[in-house]
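*Asks:* have a look at this prediction, sequence included:
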Amino acid sequence: MHIEVRGVTRRFGTATAVDALSFSIERPAMIGIIGRSGAGKSTFLRMINGMTEASAGQILVEGEDVLALTGKARRAWQSRCAMIFQQFNLVPRLDVVSNVLHGLLNRRPTLATLFNLWSEGDIRRAIAILDRLGLAEQAPKRAEALSGGQQQRVAIARAMMQEPQIILADEPIASLDPMNAQIVMQTLRRIHDEDGRTVIANLHTLDTARRYCDRVIGMRAGRMVFDGTPEQLTLDVAREIYGADASFSEATTSTSLDVLPEGRRYEQAMLAD
Amino acid sequence: MSDATVPGGLSRIEAGYLAQSRRRRALSTVLGIVLLAMLAAGFGLADSRNAGGFLDGLHRIGDFPLELLSEALARADRIPGLMAHYLPSLIETLNIALSSTIIGTAGAVVLSLLGARNLAPARWIVAPVRRVMDLFRALPEIVVALALIFALGGGPVPAMLAITLHTFGALGKLFAEVNENADPRPVEGLASVGAGWVQRMWFAVVPQVAPNWLSYALLRLEINVRASAILGFVGAGGIGYDLKVAIGWGQGRYDAAAAIFVLLILSIILIDQSSERLRNRLIRGKA
């Protein structure tokens, strides 16, 4: 598993959302990309998956430039590069197992999928994945009947169904409460630890990145301003990433349970913004 | 967590889901067979009751349009003049369609809000409103128009009333179904600030459903143009009356019929084009 990002750039009109991003991933890792909203994190992830076209640059996965792929080859890459969204992006009216089976859409004949002709083996595997994420009981329910945290885990199950080389997670916990956020992050970490898959997650909170990631990339206004281990992520570096002044404290960017009880400080930080 | 792993239950869950998907598959197969059988049976019945036979008459199906077309082409030079001649009748027909669509849409909005299970101010009101809409839809426009022409005399007003009544029922049903898919959260949000029913509908429901309402209303306008042309056949005036005369006259008037068809087609295209623009503006904001 070798990924090399070379000068990846995306311009929208005159604005540059992602500006000549370059780095490489040598072996499976859990990587957190942090930065303010609008820093270009989502655009970058969408470019890896192929949902947004890049204006310039290459992303080499095992030597193959995935940004240059089109049509069928691109869809095949997308099926090997799972994506998890902030708002889950499940099909609310279909049952949980069907949503998980959608992870196979690229690999099964279109006509068979339209008539819901999934093999018994596929269905068993989908339920096994759900069981691994503690969701087996929810299997026959409609996705919309589940809580946000459960829906996000169904989305992770769909991603796992893809048996992807990389899992991209775009703000996976931004719409969840701290308790569910923790469960979802632990799930992603577990997939990395147990299956050895590379996970790249956009996170807007420092403490989450610090806690779950092996490597942190900081982005500001489309540029990479930090690339290192969580230990190297000092308060000064964080100020640089978030473009904040001396009054900045980590609590401002935190949604974790540990910081919340310090109610007053958190409240002040929120109100000061 | 309530949804922790279930060691003994997993095979039960698996078996349950597999059985459920087998049931669904069997059901859709049966449904498909039933539909095909109904299609075959219905076609057989219709064909046997027909005066001629479907297959015997098939080769004659193009005769009338061909005759009309060849005659119209032979006198193509007269068509523009005829189109100008029939323009006032077309405007009368379009007027009937437009006014009945506007009044019909306004009524349908009210009926649909009262007839949507999730929005009605009181539950008991839903069923009677729906039955009234069923009634409006069930009565053929032409029957209502004939009855009104008998009472009020010929002219555009009976036609307009007949089409309006049908529009109440048809659009009311479609609007109500759109309303039932509306997101309840904005409605709840406005209920929490103490807004009344009318305010909740106007500010929380209408912005959500307006684009869909508009597409249905514009489609209805097209249907109503055709309906108002047909009502001309029974004495409601407009271009339908001219068409009846032109087509029924026998030899020699097919150029007039062709001119009328061209006018009708052009007006439908015009409605389609302008509705496209209107809808885009409503969905994306002014551009």
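*Replies:* Looks like it came in fine.

*Asks:* the closest residue to B:R130 other than its chain neighbours: neighbouring residues, count only.
*Replies:* Counting by CB to CB, 6 or more residues apart in numbering or on different chains, B:G115 is the residue found nearest to B:R130 once chain neighbours are left out, at 5.0 Å. In this view, the C-beta of every residue, glycine as well, is placed from N, C-alpha and C. By other CB atoms under 10 Å in any protein chain shown, the residues close to B:G115 number 26.

*Asks:* and B:G115, how far is that from chain A?
*Replies:* 23 Å (CB to the nearest CB, to the nearest Å).

*Asks:* show me where pLDDT drops low in chain B?
*Replies:* Along chain B, the model assigns pLDDT under 70 to residues B:1-8, B:249-252, B:285-287.

*Asks:* one more pass at 50, please.
*Replies:* Low-confidence segments of chain B, defined by pLDDT under 50, are located at B:1-4, B:287.

*Asks:* per-domain residue ranges of it.
*Replies:* B:10-53, B:64-284 (automatic domain parsing).

*Asks:* between the ones you listed, which one is nearest to A:R211?
*Replies:* Shortest separation from A:R211 across the domains of chain B is recorded for domain B:10-53, at 31.0 Å, computed as CB to CB.

*Asks:* ok so, going back, go through the domains of chain B and pick out the most buried.
*Replies:* domain B:64-284 (a mean of 18; mean count of other CB atoms under 10 Å in any protein chain shown).

*Asks:* and it, how far from the chain's centre?
*Replies:* 7 Å (CA atoms, centre = their mean, to the nearest Å).

*Asks:* and the end-to-end length of it?
*Replies:* Length of domain B:64-284, first residue to last, CA to CA, to the nearest Å: 46 Å.

*Asks:* and of the domains of chain B, who's closest to A:L69?
*Replies:* That would be domain B:64-284 among these, by CB to CB, at 31.3 Å.

*Asks:* flag every residue of chain A that's near chain B.
*Replies:* Within reach of chain B by CB under 8 Å from any CB of the partner chain, chain A has these residues: A:97, A:115-118, A:120, A:123-124, A:127-128, A:131, A:134-140, A:150, A:183.

*Asks:* ok, now with 7 Å
*Replies:* Residues of chain A lying close to chain B by CB under 7 Å from any CB of the partner chain are A:97, A:116, A:120, A:123-124, A:127, A:131, A:134-140, A:150.

*Asks:* center of the chain, which residue is that?
*Replies:* In the absence of a named chain, this looks at chain A. Nearest to the geometric centre of chain A sits A:A169, at 0.7 Å (CA atoms, centre = their mean).

*Asks:* chain B is the one I meant
*Replies:* B:R220 (4.8 Å).

*Asks:* look up how far B:T164 lies from that one.
*Replies:* To B:T164, B:R220 is 11 Å away according to CB to CB, to the nearest Å.

*Asks:* which residue ranges of the stretch 1-150 of chain B form strands?
*Replies:* Shown for the stretch 1-150 of chain B, no strands are assigned by DSSP state E, counting those that start in this stretch.

*Asks:* now swap in the stretch 51-200 of chain A and tell me
*Replies:* Using DSSP E, counting those that start in this stretch, strands in the stretch 51-200 of chain A cover A:56-61, A:64-65, A:81-84, A:166-170, A:198-203.
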